[in-house]
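Turn this into a model:
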Amino acid sequence: MVSQQQRRKQLAREKYLRQQQRREVAQRRRRLRNGVIAGALALVVAGGAASYAAGAFDGGGSTKDDAAPSPTPSKPADPCRKAAPGKVKPLSFKKEPALTIDESASYTMKLGTTCGDIDLALDAAKAPHTVNSFDFLVNKGYLDHTACHRLTSGNVNVLQCGDPKGTGEGTPGYSIPDENLKDKRLKGNVYPAGTVAMANRYNAAKKTGRDTGGSQFFLVYQDSQLPPDYTPFGTVSAAGMKVLKKIAAAGESSGRGDGAPNATVVIDKATVRKS
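Below you'll find the predicted structure:
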């Protein structure tokens, strides 16, 4: 028979083992939580760098307190299909292409994306350098197979595309001038839903970085509070707006209103047509 002393020792060992198991579980949970927080912070830092490189949208963005931690949301189902086979072309050019478009004609740009076609009516008369640049780049295949790398929500509600690197730092090797900043649609520091505009490196506080547009542009899916510092050069079609809304509904990866879209938004093929 087991003596009382042996029984007490056995119970003590079992209690010790249970305590160790609880400690190990708690440690695993802490490691997992810290890993999630570190990943979220890394994304916020990366998003900040991308914002500077492609236009910080001064005065806009989420109204949430950046110092307060946010829970990591569960990622919704991807509403878009897989990207078509192919790779981004590593293209770079030394200077802005010669102005060859017909400023009196109508131009459209079609973004054949994994989430659906987004058709854009381009304003060649008011933004000739910008439209001419996209006519040049698209015909070179510059946008093909590129991902739309940034989705924002809150005061600024845009999908940003046009960076072959997908980091917010890509350029075509040249810059184009700001245009059409006095467009009548830009009332009260608001870019209305459906606007297509250029990202840039302009810093309103320092008043530096004018005429720094490249290849990155943003599509406004909901009215956005932005000063008129970003060249508006087109309008999204009604069907294209439905695609944008679908992408926006899937949210972005940081949970803070500025990060990579959860939807797999890849421009399989872009085309520009004159009519």
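
show me what contacts the closest residue to A249 other than its chain neighbours?
Leaving aside its sequence neighbours, A249 sits nearest to P79 (CB to CB, 6 or more residues apart in numbering; 7.5 Å). C-betas here are computed from N, CA, C, even on glycine. Contact partners of P79, counting by CB atoms under 8 Å, 6 or more residues apart in numbering, are 115, 246-247, 249-250, 263.

Out of those residues, name the ones that lie in helices.
The members of the contacts of P79 that map onto helices under DSSP state H are 246-247, 249.

out of the residues you listed, which is most surrounded?
I247 (27 neighbours; other CB atoms under 10 Å).

was I right about that one contacting V265?
Yes - the pair I247 and V265 qualifies as a contact (CB atoms under 8 Å) at a distance of 5.7 Å.

Show me whatever sits in contact with both of those two.
Taking CB under 8 Å, 6+ apart as the contact criterion, the common neighbours of I247 and V265 are 80, 115, 148, 159.

returning to that earlier point: could I get the contacts of P79 as JSON lines with distance to T212?
Supplementary listing: those in JSON lines, determined by distance: CB to CB, whole Å:
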{"residue": "C115", "distance to T212": "29"}
{"residue": "K246", "distance to T212": "31"}
{"residue": "I247", "distance to T212": "26"}
{"residue": "A249", "distance to T212": "32"}
{"residue": "A250", "distance to T212": "30"}
{"residue": "A263", "distance to T212": "28"}
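
Which member of the residues you listed is positioned nearest P85?
Of all the contacts of P79, the one with the least separation from P85 (CB to CB) is C115, at 17.4 Å.

ok, back up a step: of all pairs in the contacts of P79, which one is the farthest apart?
Taking CB to CB, the two most distant members of the contacts of P79 are C115 and A249; they sit 10.8 Å apart.

Can you name the residues that contact A248?
Under the criterion of CB under 8 Å, 6+ apart, the contact list for A248 reads 151, 153, 157, 159, 221-222.

After the lowest-mean-pLDDT helix or strand in the chain, which helix or strand is next?
Here the helix or strand of the chain ranked lowest by mean pLDDT, DSSP states H and E is helix 4-54, holding a mean of 54. Following the chain from helix 4-54 toward its C-terminal end, the next helix or strand by DSSP states H and E is strand 107-113.

I'd like to know how far D223 sits from L186.
11 Å (CB to CB, to the nearest Å).

just checking, V190 touches D223?
Yes - under the contact definition of CB under 8 Å, V190 touches D223, with a separation of 5.5 Å.

related to what we said a few turns ago, put together TSV for the contacts of A248, with neighbour count on each row.
Compiled in TSV, those are given as follows (neighbours: other CB atoms under 10 Å):
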residue	neighbour count
L151	27
S153	19
N157	22
L159	26
Y221	26
Q222	17
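
Quick check: strands, which of those are part of them?
The subset of the contacts of A248 located in strands under the criterion DSSP state E comprises 151, 159.

Put together a markdown table for the contacts of A248, with pLDDT and distance to D258 on each row.
Compiled in a markdown table, those are given as follows (pLDDT from 0 to 100; distance: CB to CB, whole Å):
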| residue | pLDDT | distance to D258 |
| --- | --- | --- |
| L151 | 98 | 8 |
| S153 | 97 | 8 |
| N157 | 98 | 11 |
| L159 | 98 | 12 |
| Y221 | 98 | 14 |
| Q222 | 98 | 14 |
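
and the contacts of A248 as TSV, adding distance to P228?
Formatted as TSV, the entries for the contacts of A248 read as follows, by distance: CB to CB, whole Å:
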residue	distance to P228
L151	22
S153	21
N157	17
L159	20
Y221	19
Q222	18
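
ok, the contacts of A248 vs A121, which is closest?
Proximity of the contacts of A248 to A121, judged by CB to CB, is greatest for Y221, which lies at 16.2 Å.

Go ahead and confirm that closest one touches K242.
No - Y221 lies out of contact with K242 (CB under 8 Å); the separation is 10.0 Å.

Now do the shared contacts for these two.
Going by CB under 8 Å, 6+ apart, no residue sits against Y221 while also sitting against K242.

can you tell me which strand in the protein is longest?
Once the chain is assigned using DSSP E, the strand that runs over the most residues is strand 266-274.
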